[in-house]
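K.L.:
Coordinates for the following, if possible.
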Amino acid sequence: MTPPSLSEQAVALHQAGKAGEAERLCLQALDTSPDDFDACQLLGVIYFQQGSPAKALEFFDRAAALKPGFAILSNRGAALQMLNRIEEALASYDQALAIQPDSAVLLYNRGRALQDMSRFEEALDSYDKALRLDPNFSGALNNRANALRSLNRHAEALASYDRALAIKPDYAEALYNRGNMQWSVNGNYGVAVRDLEKAVALNPAYDYALGELLYLRMHGGDWRDFETLRSRVIAGVRAGRRVAQPFHYQAVSDSPADLQACSVIFTNHHFPPAPPLANAGRRAAEKIRLGYVAGEFREHATAWLMTGLFESHNREKFELFAFDNGWDDGSAMRARLTAAFGNMIDISRLSNRAAAEKIAAMEIDILVNLNGYVGLHRMGVFAHRPAPIQASYLGSPATMGAPYIDYFLADRILIPQAEEKFYSEKVVILPDSYQVNDSKRALPGKPPGRAALRLPEKNFVFCSFNSSYKLTPEIFSIWMNILRAAPQSVLWLLENNPEFAGHLRRAAIAAGVVAERLIFAPMVPLEQHLARMQEADLFLDLLPCGGHTTASDALWAGVPLLTCRGGALPGRVAASLLHAVGLPELVTESLADYQALALRLAGDPALLAGLRQKLAQNRLTMPLFDTERSRRHIEAAYTSMWEMFQRGDAPRGFAVNP
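P.N.:
Numbers count the residues shown, from 1 in each chain. Coordinates of the predicted model:
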């Protein structure tokens, strides 16, 4: 009997779970026989399983050159997809399907590639073909639901998740996806929490599920096991695990180093550097071409802040382009934005690479990411580097953790010089506050009166209208201390969801505060909200992630805002705004001082009235709401970036002179 070859021995070892020994024998086999197909294929599989897709692809390519069969082309496609080379992955899958068109698994993988390219209708067709071959393919049902969700066919998506879970009740990924959709689309908080709790119980290490569960519970003010969950999430990030998305993590961490680690983990997983686009060369023109990428060019907090800047940009020096990943909501804000840009370039249905190619073809000089990882972001477009200069502004209160984002626009209160090392980008320091505001915004209308808002006519009204997920048990405990020490006061909050109100009322009672002293305001249009906010006496900020747009809303409404400077950027925005509006005395350096100043202001009407008058005077004279001043500073930053690039200098941090 002929003894087994080295590659045959390697296959047996691999099947026995001895990947290291199998790898050694494969390499030995290739030393003597470089055209050993089996050794090349097995090495590709081993490296793929080890999470080394580049090494895997090297050997899959060698094997495909020797024998381009179904299995090797399918494996090659998987490696290319892991490397974010999606178009090449799709081509490899199609080659494999030409050999074996009735493979449900391959059709499923093809659907995933199409989905990654935002070709959702085609992805759906591929999943449906896979399900005709295998009606119980739970993975195809789950991904089919994801595609339907992207097409805004939410009822069908939910039915597809339900089918997947009927077939496989312990399917953690489908539970995670269904729970996420139940909350973010349908607003079914209780159902969403149950799905996520079950997903975490089934697979505690499932990517981002633990952080999502903590984030969702915070939305509902459900602080069961809060410190335990928070500690597990922080430990996971510090261990380099995929435990929380950056946006969610900002609500629980005040460590710039940890925030950077979280962003780097997420970016490396979902948006690693993609194959660069061919350089078509730089046109000869005097104006700098600015491209803004966002999913919220409509009635949205980003637009409320930015529209004045877009309208006032110096057209003799800059050309403006908006790359829209959202939709036209028909609002007056959308009309303003369209007029400011001239047109809106829709990239919502383009793949990341196709969108990047479109941007590159328009020869954009500076491409600005307005989302970060919030909302309808398109970080995958930036991964292709369609512009020579790429910057993050406004949307991300932490580093993006990506080597292809060159600059991060901030101010010195947000990022002290010693903390610039925690930013993967080069930090650009703007004077005053980093946050631009729209000076064309109408001043708040006539307040409706406290009686119409169910507020006591004469009692002191503390308020906080931040999103519910930002509230932690620690801050709530301080608020309860304040209410106990100021027994005639009330706390006015936004009713983000009914569960939040219920949980907080019970927590107040447990803290010795009558539940009726917490008054919840319904969601209303912004103009009504600004008008009613004037009835509050003092706005209370939070930590570790405080108010951003909500903080400037309070100041624009003329309500003094009290903050405690946080340990990282997400908790320092209000401090930045207060300095820029001339009220630094409302920035405290400890929670003890924060509590003491809140009580002092509640007990000293003259002091509070003086601050309110000062704010009214400063609102239209200080830098915070001076769009023209902010425009000059931001344009100076863009100009410096462009001049460095033209000189051939690498990006470096700098400060803009006021």
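K.L.:
check contacts around the residue lying closest to N203 once chain neighbours are set aside.
P.N.:
Excluding the flanking residues, the one nearest N203 by CB to CB, 6 or more residues apart in numbering is A172, at 4.0 Å. For glycine as for every other residue, the C-beta is placed from the backbone atoms N, C-alpha and C. If you count contacts by CB atoms under 8 Å, 6 or more residues apart in numbering, A172 has them with K198, A199, L202, N203, Y206, A209.
K.L.:
Could you rerun that using 6 Å?
P.N.:
By CB atoms under 6 Å, 6 or more residues apart in numbering, the contact list for A172 reads A199, L202, N203, Y206.
K.L.:
Repeat that for V233.
P.N.:
Applying CB under 6 Å, 6+ apart, the residues contacting V233 are L210, G211, L214, V243, A244.
K.L.:
Can you check the pLDDT for G69?
P.N.:
With respect to pLDDT, G69 scores 88.
K.L.:
please begin residue numbering at 232 from this point
P.N.:
I'll keep to 232 as the first residue from here, and by that count the last item is G300.
K.L.:
tally of neighbours for it?
P.N.:
15 (other CB atoms under 10 Å).
K.L.:
same deal with M711?
P.N.:
For M711, the tally of surrounding residues (other CB under 10 Å) stands at 19.
K.L.:
Ok, S264 next?
P.N.:
Counted with other CB under 10 Å, S264 comes out at 13.
K.L.:
any idea how far A641 is from the spatially closest residue to it that is not a sequence neighbour?
P.N.:
Nearest residue to S264, sequence neighbours excluded (CB to CB, 6+ apart): A270, at 7.6 Å. Going from A270 to A641 by CB to CB, to the nearest Å gives 52 Å.
K.L.:
Those two: which is more packed in?
P.N.:
A direct count of neighbours by other CB under 10 Å for A270 and A641 places A270 higher, at 30 against 26.
K.L.:
Let's verify the more buried one: helix, strand, or coil?
P.N.:
Counting by DSSP: H, G, I helix; E, B strand; the rest coil, the backbone at A270 sits in helix.
K.L.:
ok, back up a step: identify those among the contacts of V464 that sit within helices.
P.N.:
Among the contacts of V464, the residues falling in helices (DSSP state H) are L441, G442, L445.
K.L.:
show me the residues around the first one that make contact.
P.N.:
Contacts for L441 were tallied using CB under 6 Å, 6+ apart; they are V431, V464, V474.
K.L.:
Next, work out how far apart the first one and D489 are.
P.N.:
When distance is defined by CB to CB, V431 is 21 Å away from D489.
K.L.:
next one: L460
P.N.:
Taking CB to CB, one finds L460 at 16 Å from D489.
K.L.:
Looks to me like V658 is in a strand.
P.N.:
Yes: V658: assigned to a strand according to three-state DSSP.
K.L.:
what's the burial count for it?
P.N.:
23.
K.L.:
Let me know whether it touches A649 as I believe.
P.N.:
No: counting by CB atoms under 6 Å, V658 stays clear of A649, with 11.4 Å between them.
K.L.:
Would you map the helices across the stretch 282-431 of the chain?
P.N.:
Per DSSP state H, counting those that start in this stretch, the stretch 282-431 of the chain carries helices over the ranges 284-297, 301-313, 317-330, 335-347, 351-364, 369-381, 385-398, 403-415, 420-433.
K.L.:
who are the neighbours of the second one, in terms of helices and strands?
P.N.:
The criterion is 3 or more CB pairs under 6 Å, 6 or more residues apart in numbering; DSSP states H and E, and the helices and strands that helix 301-313 contacts are helix 284-297, helix 317-330.
K.L.:
what comes into contact with it?
P.N.:
Counting by CB under 6 Å, 6+ apart, 272, 279, 284, 287-288, 291, 294-295, 319-320, 323-324, 326-327, 330-331, 337, 344 sit against helix 301-313.
K.L.:
Tell me where the model's unsure across this structure.
P.N.:
Applying pLDDT under 70 to the chain flags the ranges 232-233, 238, 241, 510-516.
K.L.:
longest helix in it, by residue count?
P.N.:
Max-length helix for the chain by DSSP H is helix 858-878.
K.L.:
What is that helix packed up against?
P.N.:
In terms of contacts (3+ CB pairs under 6 Å, 6+ apart), helix 858-878 is packed against helix 532-543.
K.L.:
now the end-to-end length of stretch 782-801.
P.N.:
Taking CA to CA, to the nearest Å, stretch 782-801 runs 12 Å from one end to the other.
K.L.:
Actually, stretch 646-661.
P.N.:
Using CA to CA, first and last residues of stretch 646-661 are 11 Å apart.
K.L.:
Same check on stretch 293-307?
P.N.:
End-to-end distance for stretch 293-307: 10 Å, by CA to CA.
K.L.:
and that stretch, which residues are buried?
P.N.:
For stretch 293-307, the neighbour count (16 or more other CB atoms under 10 Å) marks R293, A294, A295, L297, A302, I303, L304, S305, N306, R307 as buried.
K.L.:
what do you get for stretch 534-551?
P.N.:
534-544, 549-551.
K.L.:
Just the closest of those to A811, please.
P.N.:
L536 (13.2 Å; CB to CB).
K.L.:
any chance of the contacts of V464 in TSV, with distance to L822 too?
P.N.:
Listed next are those as TSV, based on distance: CB to CB, whole Å:
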residue	distance to L822
L441	27
G442	24
L445	21
V474	27
A475	24
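K.L.:
Pick out the most distant pair among the residues you listed.
P.N.:
L445 and V474, at 9.5 Å, using CB to CB across these.
K.L.:
any idea which element F751 lies in?
P.N.:
Using DSSP states H and E, F751 sits within strand 749-752.
K.L.:
List the buried residues in the helix or strand that that strand is followed by.
P.N.:
Sequence-wise, the next helix or strand downstream of strand 749-752 (DSSP H and E) is helix 757-764. Using 16+ other CB under 10 Å as the test for burial, helix 757-764 gives L757, H760, L761, A762, R763, M764.
K.L.:
Distance of the first one relative to A840?
P.N.:
In other words, L757. Distance, L757 to A840, by CB to CB: 27 Å.
K.L.:
again, but for I576
P.N.:
50 Å.
K.L.:
out of those two, which sits in the busier spot?
P.N.:
Comparing I576 with A840 by other CB under 10 Å, the one with more neighbours is I576, at 16 against 12.
K.L.:
So the more buried one: helix, strand or coil?
P.N.:
At I576, secondary structure determined by three-state DSSP is strand.
K.L.:
you'd agree it is up against L551?
P.N.:
No: judged on CB under 6 Å, I576 makes no contact with L551 at a distance of 11.0 Å.
K.L.:
Around Q877, how many other residues sit close by?
P.N.:
Residues near Q877, counting by other CB under 10 Å, number 11.
K.L.:
follow-up on the earlier one: now tabulate the ones in helices among the contacts of V464 in TSV and tack on distance to F876.
P.N.:
TSV is the format used below for those (distance: CB to CB, whole Å):
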residue	distance to F876
L441	41
G442	37
L445	41
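K.L.:
Go through those residues and say which is closest to P507.
P.N.:
When these are compared against P507 (criterion: CB to CB), the nearest one is G442, at 31.5 Å.
K.L.:
Can you get me a residue count around K360?
P.N.:
For K360, the count of nearby residues is 18 (other CB under 10 Å).
K.L.:
got it, and the one 3 residues further on?
P.N.:
Look at R363: counted by other CB under 10 Å, it has 13 neighbours.
K.L.:
do the same with F268
P.N.:
Neighbours around F268, by other CB under 10 Å: 17.
K.L.:
for A376, same thing?
P.N.:
Neighbour tally, A376, other CB under 10 Å: 27.
K.L.:
on that earlier part again, which one of the contacts of L441 is nearest L800?
P.N.:
For these, the closest approach to L800 (CB to CB) belongs to V464, at 18.7 Å.
K.L.:
So for the helix or strand that contains the closest one, what gets flagged as buried?
P.N.:
Counting by DSSP H and E, the element that carries V464 is helix 457-469. Within helix 457-469, the residues that count as buried by 16+ other CB under 10 Å are F457, L460, R461, R463, V464, I465, G467, V468.
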